[in-house]
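# Build me a structure from this.
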Amino acid sequence: MDKISPKEAVALSECLNKNTYISNPFYLTLNCFAEEKNGEKVVYEKDITDDKIKLLFLPKKLKNIINQPISAAFDEDIQQLKKLKIKIKRRTLFGYEYIYKTSDFIYMLGAQFRSLRKSVNRFQKEYSFEVKFEYPNSKIINFLKLWAENKNLTNKSELTKKSFDDDLDACVKELDLLEYIPHKKIFIEINKELAGFSIFLKLHSDFWVALMQKVDYRYYGLSRFLYHLKAKEMEGVEFFTTGASAQDPELTNFKESLQPIARKPIYVLELGDKVD
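Purely as a prediction, here's the structure:
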């Protein structure tokens, strides 16, 4: 079992061919291990729920599935396990992954996107800003530290707090991978100071990932304005994900407010043997 290099992660992400945040090359590089097992490349990670090493996704080979723990399984995996007659000893809901349609954020049409339109238009009217596509990593890191200091985690669950710490650590590490993994970036300056930024990447021909987005919440509408801008950058790639909510009600409410077209439950599984 070996750590995955950025170059290997790009190829592995394509091979996995999964429309989910955690199959992106940044995530695979920072969190996962891989090995050849029974003629198949299988991927592992340390599960955030219990710090145990588990298979990241359901493998294809039956020998690699039996009696294994799975860190991230979806409804289609549950159906596949039923077809294979593999016993599911335990199934725990981790959270939901939110899927959106790119064109909704470009054109913002209809009553359901009235709030998005108002936020984007208000931001553009109220603030004098500059859009940039490159920024020094040192200044991004300073911005991340200030963002974290202003985040209120009072009354949050332990899982949410751990997810927040892991996310912040991952954000800093992901900056070091930018030169190795294809991606796009947008930065917003207000009064010559960084006010928010977003990093995103095309995962497949019809699917992209909103990898990282952090904003100074003093600027009303900035977060939604960034979603509008990056959707325009990814025009023609039909769908995107922002990842899971990690059982954080505040984050869940924000993701819901963006009008997802789908909510994919993510399960942690403990599998048994084949049932005759």
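# What are the boundaries of the helices in the chain?
6-16, 25-31, 75-84, 102-107, 114-126, 137-149, 158-175, 222-233, 249-257 (DSSP state H).
# lowest-pLDDT helix or strand in the chain?
Using mean pLDDT, DSSP states H and E, helix 158-175 stands out as the lowest-scoring helix or strand of the chain, at a mean of 80.
# Show me what it is packed against.
Helices and strands touching helix 158-175, by 3 or more C-beta pairs under 8 Å, 6 or more residues apart in numbering; DSSP states H and E, are helix 25-31, helix 137-149, strand 207-215. Glycine gets a C-beta too; all of them are placed from N, C-alpha and C.
# In JSON lines: those, plus distance to Lys85.
JSON lines is the format used below for the helices and strands packed on helix 158-175 (distance: least, C-beta to C-beta, whole Å):
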{"stretch": "helix 25-31", "distance to Lys85": "30"}
{"stretch": "helix 137-149", "distance to Lys85": "47"}
{"stretch": "strand 207-215", "distance to Lys85": "31"}
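# got any ranges where the protein has weak pLDDT?
152-153, 156, 159-160, 164, 246-247 (pLDDT under 70).
# Wait, Ala231 touches Ile106, no?
Yes: using C-beta atoms under 8 Å, Ala231 is in contact with Ile106, at 4.9 Å.
# between the two, who's got more neighbours?
Ala231 (23 against 17; other C-beta atoms under 10 Å).
# now that one: how far from Lys184?
Going from Ala231 to Lys184 by C-beta to C-beta, to the nearest Å gives 11 Å.
# now swap in Glu250 and tell me
Going from Glu250 to Lys184 by C-beta to C-beta gives 27 Å.
# higher neighbour count, those two?
Shown here are Glu250 and Lys184; by other C-beta under 10 Å, Lys184 has more neighbours (15 against 12).
# what's the spacing between the more buried one and Asn191?
In terms of C-beta to C-beta, Lys184 sits 25 Å off from Asn191.
# Same check on Asn67?
58 Å.
# quick one: which of these two has more around it?
Asn67 (12 against 9).
# The more buried one touches Gly272, doesn't it?
Yes: using C-beta under 8 Å, Asn67 is in contact with Gly272, at 6.2 Å.
# list the contacts for the residue sitting nearest the centre point of the chain?
Central residue of the chain (C-alpha atoms, centre = their mean): Gly243, 3.2 Å from the mean position. For Gly243, the contact set (C-beta atoms under 8 Å, 6 or more residues apart in numbering) comprises 21-22, 97-98, 209-210.
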